[in-house]
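Undergrad: dropping the sequence and predicted coords here.
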Amino acid sequence: MFSQPTTEAKTGTIVITDMTHNAVKLALDFCAGKYLDAESAVDLVGVYTFADKYDITAVRQRLEKYFDTALTLENFLAVTMYAYQYSKDALFDKCAEYLARDSDVALLPGFQELDKDLIKAILAKASTFKKAYVAEAHVHEDFTCNGCRKTPIIGHRFTCLICSNLHLCQTCEKNGIHAQHALVRTVNYNTAVPDIHEFIHDWVCDP
Ligand SMILES: [Zn+2]
Ligand SMILES: [Zn+2]
């Protein structure tokens, strides 16, 4: 394996510093034939990066096959990250098309954790497949969720009618965070906001 006079050849040890311990472990397990289906998207892409860097063709080919199988809710994140990171444009388009068809994807917990540029790229691409999709997963730039601190808020944004400048993401709203106050839902740029005072006036019961 070590034909060059490298440090590795002299010591017989490889020190890997540019990927997570888990990714290296997964890659080695993968070489040993362990099935990786249940592993997270980040780790699967990490394994691919490892295999690519050290030119482990068998692992690379096996993962490429995995990434190229039919998209499901379970493998969507791994395949999308791989397609984005390795500029597999045709595959990335397939992911965007899947997202446009099945908007549940945007509600996957891991979706919000994806790279911000990736999210923007895939939403833009998805909107070319289905214009209406934009309304379902808008990126609210410059807004932070007061529940989970995620920024920007992706999907529906909920704003408190009582507290000033309090916003929630749709997951926190669904979980009943800040249930003590009424919230207003904003979907995207086209969501009309009423005159707030008149609006609240309509809700107040007459004595
Ligand atoms: Zn939140
Ligand atoms: Zn409030």
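TA: In hand now; what should we look at? Ligands and ions are numbered 1, 2, ... in the order given.

Undergrad: ok, and what's touching stretch 164-182?
TA: 107, 109, 112, 140, 143-148, 150, 153-163, 183, 203 (C-beta atoms under 8 Å, 6 or more residues apart in numbering). The C-beta positions use only the backbone N, C-alpha and C, and glycine is treated the same way.

Undergrad: just those residues that are near ligand 1?
TA: Among these, the residues lying close to ligand 1 (C-beta under 5 Å from the ion) are C145, G147, C148.

Undergrad: and the last one, how far from ligand 2?
TA: The one in question is C148. For C148, the distance to ligand 2 equals 16 Å [C-beta to the ion, to the nearest Å].

Undergrad: likewise the first one?
TA: Distance, C145 to ligand 2, by C-beta to the ion: 13 Å.

Undergrad: surely that residue touches I154?
TA: No: at 9.5 Å, C145 does not count as touching I154 under the criterion of C-beta atoms under 8 Å.

Undergrad: which of the ones next to ligand 1 among the contacts of stretch 164-182 ranks first by neighbour count?
TA: With neighbours taken as other C-beta atoms under 10 Å, the top of these is C145, carrying 24 neighbours.

Undergrad: which one is that residue nearest to, not counting chain neighbours?
TA: Nearest residue to C145 in three dimensions, chain neighbours excluded: C169, at 4.1 Å (C-beta to C-beta, 6 or more residues apart in numbering).

Undergrad: same check on D104?
TA: For D104, ignoring the flanking residues on the chain, the nearest one in space by C-beta to C-beta, 6+ apart is L73 at 6.6 Å.

Undergrad: number of residues surrounding the one you found?
TA: Neighbours of L73 (other C-beta under 10 Å): 12.

Undergrad: how about the helices in the chain?
TA: Counting by DSSP state H, the chain has these helices, from start to end: 7-11, 21-31, 41-53, 57-67, 76-85, 89-101, 116-129, 170-174, 196-203.

Undergrad: got CSV for these, with mean neighbour count and distance to Y189 too?
TA: Converted to CSV, the helices of the chain look like this (neighbours: other C-beta atoms under 10 Å; distance: least, C-beta to C-beta, whole Å):
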stretch, mean neighbour count, distance to Y189
helix 7-11, 11, 54
helix 21-31, 17, 39
helix 41-53, 21, 30
helix 57-67, 16, 34
helix 76-85, 22, 25
helix 89-101, 18, 19
helix 116-129, 16, 13
helix 170-174, 18, 17
helix 196-203, 9, 18
